[in-house]
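> requesting a structural model of the entry that follows:
(one chain, ligands or ions: 1)
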Amino acid sequence: MNHTLPAETANRLLQQVLNQPEDIKSLLPTGCEALLDEATAQSLDKAAHMTTGLAPYSQLGMQLAALHQGNLLSAELYPQLLEAEQTSLKWFKQHFQLPYAQFSHGGSYNNLQALWQARDANRKRKVVYASTACHYSVAKACAILGLELQTLPVNKQDQLDSDALAHACSIFPPLAIILTVGTSALGAVDPLQDAVTLARHYDCWLHVDAAWGGAWLMLPENADSLEWAQQADSLCLDPHKSLFQPRPCSVYLSRHSLASTEQTDYLAQAPTQRLMGSYGAELFLPLWLNLTMLGEDWFVEQTRQRLTQAAKFTALLQQHTDWEVFIGGTGIVCFSTHKDLAKLVEQGVFSLARIHDTPVYRAVFADYRTDSDRLFMALHPFL
Ligand SMILES: Cc1ncc(COP(=O)(O)O)c(C=O)c1O
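Numbers count the residues shown, from 1 in each chain. As a prediction, the model looks like this:
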């Protein structure tokens, strides 16, 4: 594609069209002012949640998606849209070396999709192992599918304890092991190599929930971890959490066949193996446009930027406070202090979490513009 406009110019034009609160206000019915204020509130020093800053072409991508309205359940009608979807999925397939992929609405759906595939691959087993730090959607998926989730202990770094996993497998070989790359509370990475070995030995499904940590896995410096993750039966990641995309944008990858978009004529042959019903451009067009216009390197640089800011924030806490700091490594920093930071939690600067039994404050570096100094400044009154 021709890069007709440099990113900054395109972005500036878009800001003019879409981000002029006064213009938009005049278009909206009265009573929507508060909503608009909320939408345009400055959020650069808010790090409570996995709410990412949007890549420059996201809004244009969303407009294009709204204009298009094609439903890829009838893919034959929308060859251009299908190509944009397949091009975007190819990026992930290549990175993760898994042959089947689809977009979805979020990590929760993907964990359900993975366990559904796993269950149908081996209906004799029912037990699923995951750490106590896994996302609650794993428990929901097990409940829906009639599976039995057994949570196993974590070590000090909030990672699944490999010995506990090995012991559990030896007593009861599971249907599936769920690993988390980037736990919700701390962003910890479970031991990939040990789990791959165990999954092979016990012939069970290995699913990697990289909803948060997928972007971290894609960095060249984490190639060792990626190599192990590539051995999984399925893996999911959420570009709407850590790759600067608007919701919903989530990716599910599998080693095992899913009814693929290209072969689905939904009236003649129902897409029975896929959770997704109707979907279209809204799931991937912003990502595709950002990728096309900015290239993969932009994503790598911005992901490194987030991680660098997380590391700087950690260093600031360590230098200037005696608070205990917990680091997951994928861009989330937690700390415990006896100071009452309820006001900052209320403002969305930090969130509350628990690491083991310790209540902690949590800073998520999801936005590539989140600045460690600004975040630390919010703590000044409490130092
Ligand atoms: C590790 C992990 N997995 C899955 C999910 C669920 O993702 P979604 O909110 O996109 O359904 C989350 C959400 O925070 C998460 O942190």
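> spell out which residues of the stretch 101-250 of the chain are next to the ligand.
With the criterion set to CB under 6 Å from any ligand atom, the stretch 101-250 of the chain comes near the ligand through 106-108, 135, 137, 180, 182, 184, 209, 211-212, 238, 250. Bear in mind the C-beta positions are built from the backbone N, C-alpha and C, glycine included.
> which one (most neighbours) among those residues?
residue 209 (31 neighbours; other CB atoms under 10 Å).
> check which helix or strand it maps to.
Per DSSP states H and E, residue 209 falls inside strand 205-210.
> if we can go back for a sec, tell me which of the residues of the stretch 101-250 of the chain next to the ligand fall in strands.
Using DSSP state E, 180, 209, 250 are the members of those that sit in strands.
> wait, the second one touches residue 176, no?
Read it as residue 209. No. Judged on CB atoms under 8 Å, residue 209 makes no contact with residue 176 at a distance of 11.3 Å.
> returning to what we had before: now the element after the strand holding residue 209, going C-ward?
Following strand 205-210 in sequence order, the next helix or strand is helix 214-217 (DSSP H and E).
> packing partners of the helix or strand just after that following helix?
Under the assignment DSSP H and E, the closest C-terminal helix or strand after helix 214-217 is helix 223-229. Counting contacts by 3 or more CB pairs under 8 Å, 6 or more residues apart in numbering; DSSP states H and E, helix 223-229 packs against helix 79-96, helix 192-202, helix 214-217.
> redo that, cut-off 10 Å
For helix 223-229, the helices and strands in contact under the criterion 3 or more CB pairs under 10 Å, 6 or more residues apart in numbering; DSSP states H and E are helix 79-96, helix 192-202, strand 205-210, helix 214-217.
> in stretch 199-215, what counts as buried?
In terms of neighbour count (16 or more other CB atoms under 10 Å), stretch 199-215 has its buried residues at 199, 202, 204-215.
> SS state for the residue nearest to residue 144 when sequence neighbours are not counted?
Distances taken as CB to CB, 6 or more residues apart in numbering put residue 112 closest to residue 144, at 6.4 Å, once the chain neighbours are dropped. Of the three states, residue 112 takes helix under DSSP: H, G, I helix; E, B strand; the rest coil.
> burial count for residue 112?
By other CB under 10 Å, 20 other residues sit near residue 112.
> next up, the contacts around it.
Shown in contact with residue 112 (CB atoms under 10 Å, 6 or more residues apart in numbering): 104, 137-138, 140-142, 144-145, 252, 275.
> just list whatever residues bridge to residue 100.
Judged by DSSP bridges, the bridge partners of residue 100 are residue 254.
> ok, it to the ligand distance?
The gap separating residue 100 from the ligand is 20 Å, by CB to the nearest ligand atom, to the nearest Å.
> burial measure for that residue, as a count.
When counting by other CB under 10 Å, one arrives at 18 neighbours for residue 100.
> so who does it touch?
Counting by CB under 10 Å, 6+ apart, residue 100 touches 89, 93, 117, 234, 252-260, 273.
> could I get these as TSV with neighbour count?
Below are the contacts of residue 100 laid out as TSV (neighbours: other CB atoms under 10 Å):
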residue	neighbour count
89	21
93	16
117	24
234	27
252	29
253	29
254	25
255	18
256	15
257	11
258	20
259	17
260	17
273	16
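> residue 330: which of the residues you listed is nearest?
residue 253 (18.3 Å; CB to CB).
> could you look up the SS state of residue 352?
strand.
> is it bridged to anything, and to what?
Residue 352 has the following beta-bridge partners by DSSP bridges: residue 361.
> also residue 234?
residue 207, residue 254.
> so it touches residue 256, yeah?
Yes. If you go by CB atoms under 10 Å, residue 234 and residue 256 touch, sitting 7.6 Å apart.
> list residues touching both of those two?
Jointly contacting residue 234 and residue 256 under the rule CB under 10 Å, 6+ apart are 98, 100, 117-118, 205.
> strands of this structure, residue ranges please.
So, for the chain - with DSSP E - the strands run 100-104, 127-131, 148-152, 176-180, 205-210, 234-237, 250-254, 324-327, 332-336, 351-355, 358-364.
> the closest residue to residue 81 other than its chain neighbours: what's it in contact with?
For residue 81, ignoring the flanking residues on the chain, the nearest one in space by CB to CB, 6+ apart is residue 70 at 4.7 Å. By CB under 10 Å, 6+ apart, residue 70 lies in contact with 77-82, 279-281, 285.
> same check, this time on residue 243
For residue 243, the contact set (CB under 10 Å, 6+ apart) comprises 52, 55, 214-215, 218, 237, 249, 251, 287, 290-291, 299, 302-303, 366, 368.
> repeat that for 8 Å
Contacts for residue 243 (CB atoms under 8 Å, 6 or more residues apart in numbering) come out as 52, 55, 214-215, 237, 249, 287, 299, 303.
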